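Participant: My questions are about this predicted structure, shown below with the sequence.
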Amino acid sequence: MSKEFTYATKGVCSRRITFELDGNTVKNVRFEGGCHGNTQGLAALAEGMQAEELVKRLKGTNCRGRGTSCPDQLAKAIEAAVNEK
């Protein structure tokens, strides 16, 4: 059974990330705002990945010296959702 999560981003162009976790599988990632092509690509790559693997690969990605990025924010969102379950 899937559960939907919404995460308000910080320090990036996108404003919000919505996604589902079906067990530990990431599904239906949607970014609100941000660089449309990049967020679409990131969402497509995340589809079907295991949450822990996604976090491992994306956490710490830095965009233009901001200390975070859309991939990093997705990793933080997934981490928060896994800890909430």
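Facilitator: All right, it came through fine. Residues are numbered from 1 along each chain as shown.
Participant: isn't there a strand covering Asn83?
Facilitator: No - assigned with DSSP: H, G, I helix; E, B strand; the rest coil, Asn83 falls outside any strand and is helix.
Participant: Give me the neighbour count for it.
Facilitator: 7 (other CB atoms under 10 Å). To be clear about C-beta, it is placed using only N, CA and C from the backbone, and glycine gets the same treatment.
Participant: Might you report the residue contacts of the residue nearest to Thr9 when sequence neighbours are not counted?
Facilitator: Closest residue to Thr9 apart from its sequence neighbours, by CB to CB, 6 or more residues apart in numbering: Gln73 at 4.5 Å. Neighbouring residues of Gln73 by CB atoms under 8 Å, 6 or more residues apart in numbering: Tyr7, Thr9, Lys10, Gly11, Val12, Ser14, Ile17.
Participant: what's the answer for Thr61, then?
Facilitator: Thr68, Ser69, Pro71, Asp72, Ala75.
Participant: And it, what's its pLDDT?
Facilitator: If you check Thr61, the pLDDT there is 97.
Participant: quick revisit: who wins on neighbours among the contacts of Gln73?
Facilitator: Ile17 (27 neighbours).
Participant: List the buried residues in the helix or strand containing that one.
Facilitator: For Ile17, the enclosing helix or strand under DSSP states H and E is strand 14-22. Neighbour counts over strand 14-22 (16 or more other CB atoms under 10 Å) mark Ser14, Ile17, Phe19, Glu20, Leu21 as buried.
Participant: Restrict that strand to CA atoms and write it as CSV.
Facilitator: Extracted C-alpha coordinates of strand 14-22, given in CSV (Å, rounded to 0.1, in the frame of the first residue of the first chain):
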residue,chain,number,x,y,z
SER,A,14,11.5,24.2,-6.4
ARG,A,15,8.9,24.9,-3.6
ARG,A,16,7.6,21.5,-2.8
ILE,A,17,8.1,17.8,-3.6
THR,A,18,5.3,15.2,-3.5
PHE,A,19,5.9,11.5,-3.8
GLU,A,20,4.7,8.1,-2.7
LEU,A,21,6.4,5.3,-0.8
ASP,A,22,5.1,1.8,-1.5
